[in-house]
Each structure stands twice: as C-alpha cells, then as structure tokens.
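[1] Predicted model and sequence follow; I will ask about them next.
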Amino acid sequence: MRDGTKRPEVQTYHVWTIGCQMNRADSDRLEGALVQLGLKPTPSPRDADVVVLNSCVVRQSAEDRVVGMLTSLKPIKSRHPQRIVALMGCMVGPKADGLRDRFPYVDVFLRPQDYHPLLDLLGDRLGFDAEGCLETLTPPRASVAELVPVIHGCDRFCTFCIIPYRRGRQRSRPISEVVREVELLAARGVREVTLLGQTVDAYGHDLPDRPDLAHLLGAVHQVEGLERIRFLTSHPSEMTQRIIDAVASLDKVCEHCNLPFQAGDDDVLRAMRRDYTADDYRRLVERIRARVPEASIATDVIVGFPGESDIAFHRTLQMLEEVRFDKVHVAAYSERPGTIAARKLPDDVPNQEKRRRLDEVEALQERLLTEANARLLGTAQEVLVQGRKKGKWWGRTRGDKLVFLEDPRSLLGKTVRVQVQKTSAWSLQGEAVA
Ligand code: SF4
C-alpha cells in the first residue's frame, strides 16, 4: 500500500449484465480490466468482493430487473460493508444524485464505458495507480465470435429512445484503434467480429477526415486470421451505397444487416422522429438486394406507439409480409421518462391492445420464417461453429441463421459446410458435408 496501511482483500468480482450487445461488450471490457488487476470471476454475486450491475433502461421490465438485483444486494452489503457494489450503464445519467439517494449502499456509479470511477476506487483499495490500464481492453475470455464497439452514443434522438441521453453524443473510435483490437482478438483465436454501434453506419462522421463504415470494414478486412465481419445496428438514413458496396465486395463481410424500420406507417414514423418514410425504407431494401442478392435483413419493430391506429399497425404487418425479414425483434411501446415521447405524446394504446399487436407480429413472423427456412432444406450452408449445447454443435450461417449439427469431431471455431436436413422458424439442423 502507498500509505503503509493494511491492504483490504479484493480478490473476486461478479459482473451482471442486462440489455443490448453494447452493454455486453462494455461488461466484457470491464472484466478485461478487472482480470488485468488480478481479480478472479465468481459465479455468484453473494461471494464477490466487487459486484457490478450493468444496467439497461430501454424498457421498464429491464429497469425493474436492475432494481430487483440492486435490492437483493442491500443485505449482503450491510453484512459485508467492505464489499464494493457498482452500478454501471444506461441507468446512470450525467447526474447520479437521485440514484445515490435511492441506493445509498452503492459505492460507485459508472456511466456507459466510463470504467474509471470503479478502477480508481480499486486502485485506492489495492494501492496502485489504475491510470493507463484502459488501453486496448479486450474480453478476458475470447470466444469464437466477439463484439467490438466502434462508435459510442447516438445523435439521432428518436422520440421513444433514452439512449442519446444516457450514452451521449456520437463518438467514433479511430480506425487504427479498432484494427489493433481486432488484431489482438484474432491472435487469440477469434474468427468473427461484430462491429457495434447504436447507429453503426454513422461511423466516422465525427472523426477528422470523416472516414465511413466502408473504410472501417476495408481496414478490418485486412486482419489476418479473421474470417467474418458483421456490423450492427444500422439506421436506414445512414445506410449509404458505399457501405452496401463494401458488403458486396469484401469476402469477410457477411451479407447481413440489422436495419430497424420500427413502424410501417408514415405518421407513426414522423412521431418517432425517424427521418424516412415506409417507401424510403422499401427502396433501401430493394437497393441492398439488388447489389447483395443473398442479403439477410433483420429488423426492429415497435407496436403500440402513441397514436398508432389499427390501420397504422396493419401497415407494419404489410411491411413484414412484403420485405420478409430474416429476424424481427418486436417490442411493445413503453414510456421512458426523459424521452421526447414521454413528455409530449400520450401513451394512448391500451396495454392489452399492445400485447395483442405484439402477439400478431410474432405469429406472422413465425409463419414467414417457417416458410423461408423450409426453402433451405437440402441446401448446403457455410457455418462457423461457435459452441456446443445439449450434445450438439451450434453455429451461424453468414446470414446469421442458427444451425445445430451432430458431429463427433472437435469443430469449435471451424467453418464447415452443413447440409440442412430439418428446419423450423428459429433454427436449422443438419450434418457436415465435405
Ligand atoms: S437511432 Fe434512435 S433508436 Fe437508435 S439509439 Fe439513436 S435515438 Fe435510439
């Protein structure tokens, strides 16, 4: 210790994460820092010297779970006051005063990606200077496919979304820094990276010389040992022809994009402050499919947004029928305090009706995917094997379809051709072929 006093024991950590891939990536990097500081993971928060909750407030249900976890930590903290409880992520705004009053037993509050307050506290407890240990942080346990944040924050302020207020304005990481991180990951056996951002296709607009996502894809494509590159989430208004051309021309870039349309009705889109119309979106999908015919497209949809009439909702169903997405994440609108919608738009669709619309979207999507996947029967798909579950290997196609296969060989991290023998709405099954 710097001051010669007795060193308190801080040996183990537990990181609990909820929410989007960006949160997962943040947690992985924080874990990378904790491991560098000599801490070891422990599976239960009850046994951890440091407990970090990485929070999400995008939906009320997520926030409720965070509050439940925080509440369950209170008795542990009062029994073991030397333990450190940290709250990280989107629940922590620029001012944490309200949270400090609500959860006085939390030692430290960290905004998304701002690991310093916790690392500084640990530095004090352990007697070293944590400064400088944040460079090229990578996950402590690299798996076959990893997430790499490339742009933080968002400048778009969709009326329903809290993210710009919690994650701040857009900040892109320089290309050289991203490439360095991907090189480190590839050297540790990572075969696939997903470049992450809230609006990943706005990448680079805030950097000197204004590189774009196409430049970044080109640079990451050069990394030796890497096999596949994905990127998410894209905003329809930021998806340029240059990015589409990069997907078409760079072998390692998978023919897949996540392109939320959110609603099929122009009035609802305007109220959401999405700056495109339903027809703009259709034309964009046409352009993508013209250049990348095998492109698989995932999307996000919100049902029950303020003012969404029955007719407006049917326009969403119509979009789903027409475009035939490969994956749909659907959510019922829930008012988020602090957003423009919460301030200005009455939450006027009853909960029961929101639930009904959500069920209708899910049922439609299940039917469409059952049909689409059935057409893959007998085809051979390129699958990157990422793990093993219930005695079967699992992996993903370039188009992000989940595939299971039985094979006695060790296939982890290998790319195999799989002949599809069975399909459902959610996955494919088959066997490896030469
Ligand atoms: S683009 Fe809209 S929905 Fe996406 S993070 Fe930004 S504000 Fe939220």
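    Done, it's in. Numbers count the residues shown, from 1 in each chain.

[2] And for Asp347, the neighbour number?
    Using other Cβ atoms under 10 Å, Asp347 has 15 other residues around it. All C-beta spots, glycine's among them, are computed from the backbone N, C-alpha and C.

[3] So it belongs to a helix, correct?
    No: Asp347 is assigned coil when assessed by DSSP: H, G, I helix; E, B strand; the rest coil, not a helix.

[4] What separation do you get for it and the ligand?
    Relative to the ligand, Asp347 is positioned 17 Å away (Cβ to the nearest ligand atom, to the nearest Å).

[5] again, but for Ala186
    Using Cβ to the nearest ligand atom, Ala186 is found at 29 Å from the ligand.

[6] Which pLDDT value belongs to the nearest residue to that residue once chain neighbours are set aside?
    Once flanking residues are discounted, Ala186 sits nearest to Gly225: 4.0 Å by Cβ to Cβ, 6 or more residues apart in numbering. Gly225 carries a pLDDT score of 95 in this model.

[7] How about Glu63?
    The score at Glu63 is 88. That number is its pLDDT.

[8] Contact partners for it?
    Shown in contact with Glu63 (Cβ atoms under 8 Å, 6 or more residues apart in numbering): 55-57, 91.

[9] which of the residues you listed count as buried?
    With burial judged by 16 or more other Cβ atoms under 10 Å, the buried subset of those is 55-57, 91.

[10] From the residues you listed, which shows the smallest pLDDT?
    Within the set of the buried ones among the contacts of Glu63, pLDDT is lowest for Val57 (86).

[11] how close does that one get to the ligand?
    12 Å.

[12] Residue ranges of each domain in this structure, please.
    Domains of the chain are assigned by automatic domain parsing as 12-126, 145-374, 380-433.

[13] Run through the helices of the chain in chain order.
    Assigned helices in the chain, in chain order: 21-36, 60-79, 97-102, 116-126, 163-167, 175-187, 213-221, 241-249, 266-272, 278-291, 310-323, 340-344, 351-374 (criterion: DSSP state H).

[14] closest one to Leu428 among the ones you listed?
    Closest approach to Leu428 among those is made by helix 351-374 (6.3 Å; Cβ to Cβ).

[15] helices or strands up against the closest one?
    Counting contacts by 3 or more Cβ pairs under 8 Å, 6 or more residues apart in numbering; DSSP states H and E, helix 351-374 is packed against strand 296-303, helix 310-323, strand 327-332, strand 415-423.

[16] Buried deepest among the ones you listed, which one?
    By mean neighbour count, with neighbours taken as mean count of other Cβ atoms under 10 Å, strand 296-303 ranks first of the helices and strands packed on helix 351-374 at a mean of 22.

[17] By mean pLDDT, which helix or strand of the chain comes out lowest?
    For the chain, counting by mean pLDDT, DSSP states H and E, helix 97-102 ranks last in confidence among helices and strands (a mean of 86).

[18] re earlier: could you dump the helices and strands packed on helix 351-374 to a markdown table with distance to Ala432 and mean pLDDT?
    Shown next, in a markdown table, are those (distance: least, Cβ to Cβ, whole Å; pLDDT from 0 to 100):
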| stretch | distance to Ala432 | mean pLDDT |
| --- | --- | --- |
| strand 296-303 | 22 | 97 |
| helix 310-323 | 32 | 98 |
| strand 327-332 | 24 | 96 |
| strand 415-423 | 4 | 97 |
